[in-house]
Every structure is written in C-alpha cells, then in structure tokens.
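In: could you look at this predicted model? Sequence included:
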Amino acid sequence: MSKLEKLQSEKKSGSKAKILLEVKNLKKYFPIKAGVFKRTVGWVRAVDDVSFFIRKGETLGLVGESGCGKTTTGRTILRLIEPTAGSVHYGGNDLLAMSRGKMNKYRSKLQMIFQDPYGSLDPRMRVRDIIAEGLRSAHVGNKKERYEMVEQYMEKVGLSKLYVNRFAHEFSGGQRQRVGIARALIMNPELIVCDEAVSALDVSIQAQVLNLLDDLQKEFNLTYLFIAHDLNVVKHISDRIVVMYLGKIVEIASKHELFINPLHPYTKALLSANPIPDPTIERKDRIILQGDVPSPANPPKGCRFHPRCWLAGPQCSQEEPPLIEVKPDHYVACHFWKNMEDQN
Amino acid sequence: MANENMLLQVKNLHTIFHTEDGTVEAIGGVDFEVKEGETLGIVGESGCGKSVTSLSVMRLLPKGIGEIPQGEVIYKGKNLLKLPEKEMRKIRGKEIAMIFQEPMTALNPVYTVGDQLVEMVELHLGMNKKEAYDYAIKMFEKVGIPMPEKRIYSYPHELSGGLRQRAMIAMMMSCNPSLLIADEPTTALDVTIQAQVLDLMRALLKEYNSSLIMITHDLGVIAEMAERVAVMYAGRIVEYADIIPLFKKPSHPYTVGLMRSIPRPDVEVDRLDSIKGVVPDLFHMPKGCRFNTRCPYTTDKCFEEEPPLFEVEPGHFSRCWRYAEMEELSKHWESGE
C-alpha cells in the first residue's frame, strides 16, 4: 500500500471514542515588554484557564468579541502559538507536551482554515503547489501523485482543475477560500479549525462556502472547531457553542439550548444585540451593555464580566465563578445563573 | 415630486473611473431621494457601487480618476455637482456629514480627537477656541464618552473602536448637519458595541431631526435602521422600496437571493440558499440585465435588453423583466453550486 492510500484509509480506522479532542486548563499569556531592555512589565492574559472538549463529527462553534481569546485558543490547540500552560488531549496523547518533531506527525490530522483569503496564500506560488505543500512536507507520494490528488481535491471544493497553474491573485475571495479549504482537506484531517473562515466574504458567497463546509463534513466525517464573531453564522453551522469573554469561557451549550435559554448574562446580551433581518420584529428585550470590554492585560477581579453586568452582586467582584455543568451538556460560569433561568 | 420636505434628490447619477486599463462605469443611472428626518438604507455587496454613490454625492471622488459625466445631486434645491469647490466646502461637514467604516483611518492620528472637533466648529460655526472646547466637551458627553473633559485630549489610537466611532459621531453631529452619510459605520465593531452605536445614532437623528443615508451590507442593520431601502447590484439600483414591503415582497431576484443566503437567528434551515457565481467585473459586464449571469429566473429577454425600473406597487420599484411574477417565482430558488 502506498503512503497515499494509507493516508486515505487511516480515517476509517480512526478511534471510535466520542471525544476527539479535550482541552484542559489552557492558558496563554503574552508578555508586555517595555523600556530599552524590553523588560516584561506585565502579561496579557489572552486565554486564561480554558477547558472544553470536541466530540468526533460535531461542529463546535466558538464565539466572542474581538480580544476575547478565541483565535488564540484555536491557534494554541494546533501549537501555532506555544501555550503557557495546559493540555490538549488528542487520541490519548497530550499535544502540548510533545516535542515539535512528534507534533509534526499529528499536523496532517489537525488542519486550519484562515480568515484572510488574501493573506493566507503565498502570492508567488501556483495554486497546485499551495495545495500540495502539506503533502510534500509530509512526504506523501511523488510529485505526479501529489498533483493528481490536488486536481481531485480541487474538484471536491468546487474549483475547476483547469486553474491548477494559476496564482492566488487570479481568484476571487470565495475561490481563494476554497483553495484554503482544499489545502486543509487534502491532508485527510480529522479536525479542522476554521478561524473566521467566512467573515471576509460577501453574504452570497459566504452561503456557498458554508454549504461547502457542510457537505465536506458529511463526506469526510470531519470535526470542526468553528471560530467566528457572527452569531448567525455560528448558529447555522454549529452543534454546540462555546461563548468566550475576556479570555474565559462563560457558557457552553447546544445551539438550541443556548439561543433559547442563555444562562450567562453576557450570552444573553450578545444574543439580544444581534440584529434580526426582519423589520416587523421590534426588539423590546434588547440589552445594551454599558462600556467597553476591559483590557485583558488588567482584567477585573472576580467575574470578568461584573463591571458590565446588570445582575452583579458583591460576590461577583470578589469570587470568580467556576464553569459548572448545571444541566446535561450545559455549562455556565455565573453566580446567578438560576436568576437568569427564571428570567428566561 | 416637488415635495417641500425633500432634502436630497439624486437623479440619473453616473460615475466613471479612468483606470490604467481603460474607463469603467462604476455606477450608471442611480436615482433616489431622501426626505427630511428619513433614513435611507443602501445595501449591496462589495463592488456594487454603494460607496461610490456616497462619494459622488459628497464630490469626494479621487481627482483625475473619478468623474461624474451625467446626473444631478439636488440638495435643498441646489445642484451640488454644479457648485464651485469653495461653496461645496461649506456644505461638507456643515450640511452633509459623513461617517466612515474605519474611524481609525478617517481620523487624523497626529491630532487629538478634541482638536479635530474644535477645528470643525471653529470653521463652520465661527466659535472661538474657548467656546469650541466647551462645545467639544458637551458633544462628547452627548455621545456617551465617559470623562469627556479628559477624552478630548486623547489621540485616536488611545481610544477603543467603539469610543472612536462615538468620537467620530460627535464630530459629525457637532455642526448639526441636515444629512448624514454613514458608510458601514458599525461593520468594524463587535455586536454589543454595534448595538450601542446604532442606539446612539437613532437617538441623535431624532433629536436633531437629521436624515441619514446608511450604507451597509448587513440586512439586519438595515431592517433596524432604515425606512426606505435601495438595493444595489453592479452599479445599478435593482430594487427601491419602503422597508416593510421590501422584506415582505422582494421583487428582484437579487434581493430574493440576498435574503435567502443569510443565516438568520430566528429561522432554522438545514442548508442555506446561495446566489451562484460571482459579481461580474466592471470591464466585463454582461449584455442585458447585469444580474443575468447569476439569476435563476432568466428568460431570453434578460440577455438582450437591460430592464428599466418598473413600479411594482406605488413606491416600490424593481429592475427586473419578471417583476410581476416574482412572488410566485421566489418560492423556488436554484442555488446552482
């Protein structure tokens, strides 16, 4: 059996375990440097003690506003950024404890699609080389076999194979994003981290790409970690949703549960701020949060949301609420989640 | 249409660009009007000409590249396109103010936000420095910037995105303009901040009885803000209607497709509809209807002749040959991936 076939057949023999990837106590602090000698004067706690898991075959949405740490979480899992602490269990191994060399063996299984379809493709490479690059570095097949695979996968993502010799600038935004998808898919991954994969696209094109991701998930039994700020997109594509605020997870629930019965005030505010494309609906329930998101370099004590929260009590500024499972598969980090439930 | 509370009328506006590769028509024959106190939304995807329309109205097209060969922009009875530049300068900022998508690039990074506001009110309202600074503090307070007496000494980079957009709005409203043009004012903001800014804009418009042209690609924002909407595609207005009829009875296939392709928070679908293909580029516009390369309802006529704007119902216009059948046709949509 050639390596190529082996790579393709491996998927079927993958583990039957329900949980594909488990993230535990993940932390990423970025140093703030100042002065002539670039001394570290503080830390930006971009991701601060985050734990969640992804089930095989599901799409886990990760939402939050800019600066909440969602992108950093995605990148740290794949070790595109080295984490400060924590573990990521995948197939019985801790990805974060591995040597770089060993980690590279797992890279084909864990792929990423980036936000910016302009910045993420090398302008000097032809499309077939962009898509084949991962195969080449994983030493799969010879050049001819690799190019054959490229053509096959280009058709899978809806690109004509006549375009193999084109450069990235000759494509539209939607087509570039398809190139990015083909590049991830050709490695036969189990998990794809989609970091704002459709945010830069126009709505009509966005729908095309979302449908494509959906089709591919079914065909290849893929698992997605779908990072986005657009609640509607996340709701459409996800099975479960994680909401982050200022480096912390505030709530995890299935999408229906989350939209109907949000138990964290921040989730509720986020959902109510989301404009509905229907002029006949009046948003009487809209909660307009006061102020801005505080800086992650100097987060508030206790619950990080308390300065903007309308439910906050004295306890909230002292004690950080842990993320607890309050119902099957519904996790929330709020002292007053019961009050929230009554309000809903 | 000589209505007394008519503020702005744009008639048959054409804008062309002279590029290295030749001359292209960015918008061709755009008509719309804005009444006093009214909010007009312009929706469309990138490259449809919505920003060019606003720049044409303000006469801010790049010199020597952009040109308006034809059309009229009548503001309070005066054709702005015929005004000498000196007169136009008195209109910009004072009468018609503009808010841009990215306040970071619209604000001058080497002056404090207070200085920039003060400059405007000194110029247009003839205040002296002291008065102007007091006025700046008042405006900052009005738009909900905390600690305004300190913030006016901040540079744009020292403010967060939301505060920057508020400072921008304070600046725009400071001369009490009759018309505001907001080009994607909340696109760069997070949803909770977007809700704050939209809320603020609504309150100020009401207080000052100003009109607004809101340019956006977001149908959700349009549904919340606009009373009347122009949908643009490839340099044309393809549909023009009041907000409720537009959403209830979209009468152009592009509008239908646009509404079907967005994931909605209140409706759940297994699969999104999408509009096949991409926007044609300006150098290679198809013959006939400009949407014919992507439309699922084309007939032979659509490839031969460009449709005019038909009146579907009083005040509801559609640029489609099959506008009358659209309600029936739109029950079925071919995504054709």
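Out: Perfect, I can see it now.
In: now the residue of chain B found nearest chain A: which helix or strand?
Out: Residue nearest to chain A within chain B (CB to the nearest CB): B:Gly220, separated by 3.1 Å. C-beta: built from backbone N, CA, C; applies to glycine. Assigned by DSSP states H and E, B:Gly220 belongs to helix B:219-225.
In: the residue of chain B closest to chain A contacts A:Pro279, correct?
Out: No. In this structure B:Gly220 lies outside contact range of A:Pro279 using CB atoms under 8 Å: 10.1 Å.
In: how about chain B, which residue sits the furthest from its center?
Out: B:Lys130 (35.2 Å; CA atoms, centre = their mean).
In: please tell me how far that residue sits from A:Ser87.
Out: Look at B:Lys130 and A:Ser87: by CB to CB, to the nearest Å, they are 62 Å apart.
In: sorry, back to before: the residue farthest from the centre of chain B in helix, strand or coil?
Out: What DSSP: H, G, I helix; E, B strand; the rest coil gives for B:Lys130 is helix.
In: can you tell me which residues contact it?
Out: Contacts of B:Lys130 were listed using CB atoms under 8 Å, 6 or more residues apart in numbering or on different chains, and none were found.
In: try A:Phe114
Out: A:Ser120, A:Gly180, A:Asp195, A:Glu196, A:Ala197.
In: ramachandran coordinates for it?
Out: phi -100, psi 160 (degrees, to the nearest 10).
In: do the same with B:Gly29
Out: According to degrees, to the nearest 10, B:Gly29 has phi 80, psi 60.
In: repeat for the one 4 residues further on
Out: Summarising the backbone geometry of B:Glu33 under the convention degrees, to the nearest 10, its torsions are phi -140, psi 150.
In: tell me which residues touch the closest residue to it other than its chain neighbours, please.
Out: Among residues not flanking B:Glu33 along the chain, B:Gln9 sits closest, at 4.6 Å (CB to CB, 6 or more residues apart in numbering or on different chains). If you count contacts by CB under 8 Å, 6+ apart, B:Gln9 has them with B:Met1, B:Phe32, B:Glu33, B:Glu72, B:Val73, B:Ile74.
In: whichever strand or helix holds the fourth one: which residues count as buried?
Out: Using DSSP H and E, B:Glu72 maps to strand B:66-75. Under the neighbour-count criterion of 16 or more other CB atoms under 10 Å in any protein chain shown, strand B:66-75 has B:Gly66, B:Glu67, B:Ile68, B:Gly71, B:Val73, B:Ile74, B:Tyr75 buried.
In: what ranges does chain A have for its strands?
Out: A:19-34, A:39-55, A:59-63, A:85-90, A:93-94, A:110-113, A:191-195, A:223-227, A:240-245, A:248-254, A:324-327, A:330-332 (DSSP state E).
In: now do chain B
Out: B:6-19, B:22-35, B:39-43, B:66-75, B:78-79, B:96-99, B:179-183, B:211-216, B:228-233, B:236-242, B:310-313, B:316-318.
In: up against chain A, what does the stretch 1-150 of chain B have?
Out: With CB under 8 Å from any CB of the partner chain as the criterion, the stretch 1-150 of chain B meets chain A at residues B:Glu45, B:Ser46, B:Pro146.
In: could I get these as TSV with neighbour count and pLDDT?
Out: Below are the residues of the stretch 1-150 of chain B next to chain A laid out as TSV (neighbours: other CB atoms under 10 Å in any protein chain shown; pLDDT from 0 to 100):
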residue	neighbour count	pLDDT
B:Glu45	21	86
B:Ser46	13	83
B:Pro146	12	86
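In: ok, those residues vs A:Arg308, which is closest?
Out: B:Pro146 (12.8 Å; CB to CB).
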